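Asks: Below are the sequence and a predicted model for it; my questions follow.
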Amino acid sequence: MNYTDNKVKVTVVESRCPKYKVGDVIRFVGSDLDKEHSDNVCMVAMQAIYPFIYAFRRGGNLKNGPYQCIDCGETVVFNIEVEE
């Protein structure tokens with residue numbers, strides 16, 4: 001089966017959360033988290049933005065951001081892009 005499975009880079013562009021600072025990066029290679037090249041990963045944030053990460057992986061035509069974590073008390077805003 002042939003299908004697109006891009007590498008994806010998620011970058012923190014704004015943060016009021018103690019778990020993330022501006023410039024933090026999370027990388028995916030296919031469905032795998034690239035642990036060696038990623039900063040902290042919060043599962044609440046991933047739950048909020050993973051549908052967009054999946055769409056980028058599969059070649060969807062989306063804007064790079066902003067995408068926001070749903071934890072309203074500790075807002076984090078992300079940029080998501082395909083990484084060459």
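Replies: Arrived safely.
Asks: Need the pLDDT of the most centrally placed residue in the chain.
Replies: Taking Cα atoms, centre = their mean, the centroid of the chain lies closest to Val10, which sits 3.5 Å from it. We have a pLDDT of 98 for Val10.
Asks: Who does it form a beta bridge with?
Replies: Val10 forms beta bridges with Ile26, Ile80, as assigned by DSSP bridges.
Asks: May I have the residues that are in contact with it?
Replies: Val25, Ile26, Arg27, Phe28, Ile49, Ile53, Phe78, Asn79, Ile80 (Cβ atoms under 8 Å, 6 or more residues apart in numbering). (C-beta placed from N, C-alpha, C; glycine too.)
Asks: and what of His37?
Replies: Taking Cβ under 8 Å, 6+ apart as the contact definition, His37 lies against Val25, Arg27.
Asks: Looking at the backbone only, give me phi and psi for it.
Replies: phi -120, psi 20 (degrees, to the nearest 10).
Asks: Same question for Val76.
Replies: phi -130, psi 130.
Asks: separation between it and His37?
Replies: Here Val76 is placed at a distance of 19 Å from His37 (Cβ to Cβ, to the nearest Å).
Asks: returning to that earlier point: now, of the contacts of Val10, which are buried?
Replies: Buried members of the contacts of Val10, scored by 16 or more other Cβ atoms under 10 Å, are Ile26, Arg27, Phe28, Ile49, Ile53, Phe78, Asn79, Ile80.
Asks: SS state for the third one?
Replies: When classified by DSSP: H, G, I helix; E, B strand; the rest coil, Phe28 comes out as strand.
Asks: Hmm, Val41 and it touching each other?
Replies: No. Phe28 lies out of contact with Val41 (Cβ atoms under 8 Å); the separation is 10.3 Å.
Asks: Quick check: closest non-adjacent residue to Phe78.
Replies: Using Cβ to Cβ, 6 or more residues apart in numbering and skipping residues adjacent in sequence, the residue nearest Phe78 is Tyr67, 4.8 Å away.
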